[in-house]
Structure formats: structure tokens, C-alpha cells
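> okay, here's the prediction I keep looking at, along with the sequence it came from:
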Amino acid sequence: MTPRRLRLALVAPFVAAAAFAGWQQLGAQTFSGHDSDAPVDFGADRIELQDRQDRVVLSGNVDIRQGELRLRAQRTIVALSSAGSQDIERVTATGGVVVTRNDQRATGDVAIYDFNKRIITMVGNATLTRGGDTLRGNRFVIDLNSGVSAAEGRVSGTFNVPKKKN
């Protein structure tokens, strides 16, 4: 075994453990404690009600809030239940999507918030930040039930290390 391979074999488990520990810290607490049963408020420059398709299209400076959770985008399609109750089933947002809650922020090209499963999926140029920690990937799945997030595709990021006490 070459010295370089030996170093990689010795160092890789520690790097993986540190990354995993940092990811656990970021992912395990991301968007935890969200009240997904809270009412949904919205604002937009334009609204189009599409009764036959059981959906509402919001466009231009869309701002949707549910409790402390806020979703901003240029366009959203709000899918409603076809049972006549007009309950929200899913929100699909496009165009500079930003989802925030307290000091947590997720961004991406597209976001899909499935109200039944209580899952937000961010796709394309996805970034997840909490405090000083940052995680970038192709796709994030944020589970509002458990507060755990998972990233897929090429993943990179930065985790802050606690300062040593003197």
C-alpha cells in the first residue's frame, strides 16, 4: 500500500465521521417542531383560480406562511383536494424559492410541499443553512414530522466547529 493510500485509509473514517456528525447536527434539527396543521396565509401579485383543475396559481412575489414557516417564490401552484373541501394537498413553487423558519433557510429552483406527507422537497441548486452551517446538494427532502433532512446528488457544505475553551 502506498503512503498516500495508507494516509487516505487512516484519515477517511475520521473525515466521514466528522462530516456525519455535523450533518446529523444540521439535519436532525432542521425545521423541527413545525406546526403543519396551522392555517396557511398567502400574498401574491396575481391569483388565478382554476376550479376544474382543483388548483390555484399564485404568481409574482408569492409569500406563503404557515405558522413560523415561510415560503417565497415567483410562482406557485396550489393543488387542492377534489373532495370539495378545498383542503391544500400540495404547493409547488418555482423561481428563486426560499423556505425559512427561525434561523433555518432552504433555497432551490423548485420546492414541493406535500401537506399530506408533511414533506418539503427542494430541487436544483438546493442549499440548506442553519446558524453558520451550510449544506449544498442537488435535492433535499425535509421531513416536517421528524425534523430530519436528507440530501442527494453531489453534496458539499461547511460545518462550524465549537470553539475550544481555554
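Received it, and whenever you're ready, just let me know what you need.
> longest single strand anywhere in the protein?
strand 88-101 (DSSP state E).
> I'd like the next helix or strand past that one.
Using DSSP states H and E, the next helix or strand after strand 88-101 towards the C-terminus is strand 104-114.
> how many neighbouring residues does the nearest residue to Arg105 once chain neighbours are set aside have?
The shortest distance from Arg105 to any non-neighbouring residue, by CB to CB, 6 or more residues apart in numbering, is to Thr129 (4.9 Å). For every residue, glycine as well, the C-beta is placed using N, CA and C. Using other CB atoms under 10 Å, Thr129 has 19 neighbouring residues.
> helices and strands around the host helix or strand of Thr129, which ones?
According to DSSP H and E, Thr129 maps onto strand 119-130. Applying 3 or more CB pairs under 8 Å, 6 or more residues apart in numbering; DSSP states H and E, one finds that strand 119-130 contacts strand 88-101, strand 104-114, strand 133-143, strand 149-152.
> contacting residues around Thr158?
132-134 (CB atoms under 8 Å, 6 or more residues apart in numbering).
> go again with 6 Å.
Residues near Thr158 by CB atoms under 6 Å, 6 or more residues apart in numbering: Thr134.
> beta-bridge partners for it, please?
Thr134 (DSSP bridges).
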